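>>> This is the structure alone, sequence omitted:
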């Protein structure tokens with residue numbers, strides 16, 4: 001088989017998932033794998049090791065194609081991605097396609113791609129967890145995407161990230177077996193993490209909260225700053241708050257305004273940058289707890305994997321898939337309604353470890369992820 005693995009982005013989990021699939025594909029010599037990625041991949045690929053493999057080739061989108069695939073509204077974005085993908089399927093005689101994000105190619109995927117190609121991809125957002133609050137038009141869109149996945153002869157598998165019950169529900173609803181539960185792979189490495197409290201001038205009597213990843217409104221980054229603002233100066237002094245990852249444009253000015261106001265009497269540490277996996281591991285190893293007050297609760301989160309790997313409790317939402325994963329795996333504390341008052345209250349409780357992290361890391365291994373897709 002000639003298998004094309006495609007994503008027009010390399011931010012966040014995209015790079016990790018590409019690497020997991022690369023590591024799995026290099027041992028399957030009976031197939032040829034073509035990884036189609038944007039040029040930005042070259043800037044970040046050295047964060048991970050990519051052993052040479054005779055059955056794997058990297059090809060790159062042009063700058064124009066990258067822009068085309070990452071802009072536009074719901075319909076135009078899907079159309080552009082599919083027309084770009086079609087070009088490479090034909091040029092490289094592809095038989096199978098694996099998409100890092102399946103729904104971004106819907107609804108046009110079965111209308112534009114060559115009829116004989118088989119497509120599989122990962123589904124992250126599970127509308128089941130927010131159905132009651134969705135506008136009618138959004139409900140139609142979400143059901144249509146799953147209907148196309150279930151009924152199109154072109155779509156082979158829809159991988160449901162970290163929720164077997166949702167996969168069962170979709171299969172029953174649409175009378176199919178195409179929806180398959182997929183492990184949310186936990187990034188592991190041979191790197192031995194270091195305690196970096198001393199290098200960050202953090203005394204051992206301070207309780208360290210970590211918030212990391214791409215920081216946006218939907219990740220609750222501003223809610224964390226607002227919750228700190230609610231605390232007395234004496235309470236604030238008990239903690240150190242570390243923010244690690246790019247501050248996205250949607251909150252950048254607000255974030256820095258709040259940050260500048262708080263930093264004079266609060267222990268704040270900021271890394272507004274792409275953080276290497278080694279740095280993230282050091283930070284997770286050195287912190288006491290991880291803050292994930294996310295708005296988007298219908299998704300799994302890779303942060304849970306880091307928390308489980310280092311046996312650190314999280315504080316996150318009670319709602320949706322995210323809340324279910326935290327409770328079911330005893331990964332930390334949940335909040336019924338995410339707001340600055342409730343978060344401040346939970347932060348002051350300074351949660352202690354009470355996780356079943358070993359079980360969670362076993363279920364969400366990289367090997368399980370690779371075997372299911374490849």
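Received, thanks. Since the structure is predicted, the reported quantities are computational estimates derived from the model, not experimental observations.

>>> Do me a favour and average the pLDDT over the helix or strand encompassing residue 137.
Secondary-structure element containing residue 137, defined by DSSP states H and E: helix 136-151. For helix 136-151, mean pLDDT is 97.

>>> Pull the distance from that helix to the chain's centre.
22 Å (CA atoms, centre = their mean, to the nearest Å).

>>> Apart from its neighbours in sequence, what residue is nearest residue 275?
Once its chain neighbours are removed from consideration, residue 275 has its nearest residue in residue 244; the separation is 5.0 Å (CB to CB, 6 or more residues apart in numbering). For glycine as for every other residue, the C-beta is placed from the backbone atoms N, C-alpha and C.

>>> Against residue 214, how distant is the one you found?
Applying CB to CB, to the nearest Å, the value for residue 244 to residue 214 is 11 Å.

>>> ok, those two, which is more surrounded?
Counting neighbours by other CB atoms under 10 Å for residue 244 and for residue 214 shows that residue 244 has the greater number, 22 against 14.

>>> quick one on the thing from earlier: could you report the separation of the residue nearest to residue 275 from residue 54?
38 Å.

>>> related to what we said a few turns ago, state whether the residue nearest to residue 275 and residue 274 are indeed in contact, as I suppose.
No - taking CB atoms under 8 Å as the contact criterion, residue 244 and residue 274 are not neighbours in contact, 10.0 Å apart.

>>> Tell me where the stretch 201-350 of the chain has strands.
Secondary structure of the stretch 201-350 of the chain (DSSP state E, counting those that start in this stretch): strands located at 207-212, 239-244, 268-271, 289-291, 314-317, 332-335.

>>> could those go into JSON lines alongside distance to residue 172?
Converted to JSON lines, the strands of the stretch 201-350 of the chain look like this (distance: least, CB to CB, whole Å):
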{"stretch": "strand 207-212", "distance to residue 172": "37"}
{"stretch": "strand 239-244", "distance to residue 172": "41"}
{"stretch": "strand 268-271", "distance to residue 172": "45"}
{"stretch": "strand 289-291", "distance to residue 172": "35"}
{"stretch": "strand 314-317", "distance to residue 172": "27"}
{"stretch": "strand 332-335", "distance to residue 172": "28"}
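
>>> Can you lay out those as a markdown table showing mean pLDDT and distance to residue 45?
Formatted as a markdown table, the entries for the strands of the stretch 201-350 of the chain read as follows, by pLDDT from 0 to 100; distance: least, CB to CB, whole Å:
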| stretch | mean pLDDT | distance to residue 45 |
| --- | --- | --- |
| strand 207-212 | 97 | 21 |
| strand 239-244 | 98 | 21 |
| strand 268-271 | 98 | 21 |
| strand 289-291 | 97 | 27 |
| strand 314-317 | 97 | 29 |
| strand 332-335 | 95 | 33 |
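
>>> Residue 134 is nearest to which of those strands?
Across the strands of the stretch 201-350 of the chain, the minimum distance to residue 134, taken as CB to CB, is reached by strand 314-317, at 17.1 Å.

>>> distance between the ends of stretch 30-44?
Between the opening and closing residues of stretch 30-44 lies a distance of 29 Å (CA to CA, to the nearest Å).

>>> In it, which residues are buried?
For stretch 30-44, the neighbour count (16 or more other CB atoms under 10 Å) marks 32-38, 40-41 as buried.

>>> The strands of the stretch 201-350 of the chain: which one's closest to residue 170?
When the strands of the stretch 201-350 of the chain are compared for distance to residue 170 using CB to CB, the nearest one is strand 314-317, at 22.8 Å.

>>> That closest one pairs with which strands, parallel or anti?
strand 289-291 (parallel), strand 332-335 (parallel) (DSSP bridges).

>>> Good, we can wrap up now.
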